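Undergrad: give me a model of this one.
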Amino acid sequence: MKIVKKILLALLVILVVLQFIRPDKNLSDQDVTDVFETETQPNKEVVAILENKCYDCHSNNTEYPWYAEVAPISYWLDGHIEEGKEHFNVSEWATYDLEKKEHKMEELVEEVEEDKMPESSYTWIHGNLTPDEKEKLMEWGKQVRMAYKDKMGG
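TA: Residues are numbered from 1 along each chain as shown. As a prediction, this is how the structure comes out:
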């Protein structure tokens, strides 16, 4: 019984210490989606979908919920954001060449079509894409992808 108490006390101390050591927030004071939206020209409905379901993990500016202030959730969210930006970051769109942009749009369509995005851990709280949102996002993504393919000559 003494060992269980010691373990629980150690876990409590670790949890309290973690509240004071936080991951850096994904916040930018720049308009992080301007180049992406200007170039890909999503309509208002698609912009709303991107803002509500995509940009928190796929841009350099996250709108954090209140529970993001509590460790270990803050670390878990940070991991999701870093991984999301690693795969697709609209804030870095201007640095991508045409081939990479076309490929990123292909991945966007595939991930949405296969219900891999948004991730289930995100949808627990934020909800999933409706069939209509999913269709609009994929239709827009396919159009943008084809425009990039045309620019590349094929």
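
Undergrad: going forward, measure contacts between C-alpha atoms and count neighbours the same way
TA: Noted.

Undergrad: and the helix or strand containing residue 124, what does it pack against?
TA: Using DSSP states H and E, the element containing residue 124 is helix 120-126. Helix 120-126 is packed against no helix or strand, with contacts defined by 3 or more CA pairs under 8 Å, 6 or more residues apart in numbering; DSSP states H and E.

Undergrad: lowest confidence element among the helices and strands of the protein?
TA: For the chain, the helix or strand with the lowest mean confidence is helix 120-126, at a mean of 73 (criterion: mean pLDDT, DSSP states H and E).

Undergrad: tell me the first helix or strand C-terminal of it.
TA: Where DSSP H and E defines the elements, the next helix or strand beyond helix 120-126 is helix 131-152.

Undergrad: if you count contacts, what does that next one end up packed against?
TA: Helix 131-152 sits against helix 44-53, helix 98-113, with contacts defined as 3+ CA pairs under 8 Å, 6+ apart.

Undergrad: sorry, back to before: just how off-centre is the helix holding residue 124 within its chain?
TA: On the basis of CA atoms, centre = their mean, to the nearest Å, helix 120-126 is displaced by 12 Å from the centre of the chain it belongs to.

Undergrad: with just CA atoms, put that helix into CSV.
TA: Backbone C-alpha positions of helix 120-126 (Å, rounded to 0.1, in the frame of the first residue of the first chain) are rendered in CSV as follows:
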residue,chain,number,x,y,z
SER,A,120,-11.5,11.3,-34.9
SER,A,121,-9.8,12.8,-31.8
TYR,A,122,-10.6,16.3,-33.2
THR,A,123,-14.2,15.4,-34.0
TRP,A,124,-15.0,14.2,-30.5
ILE,A,125,-15.4,17.8,-29.5
HIS,A,126,-15.6,19.8,-32.7
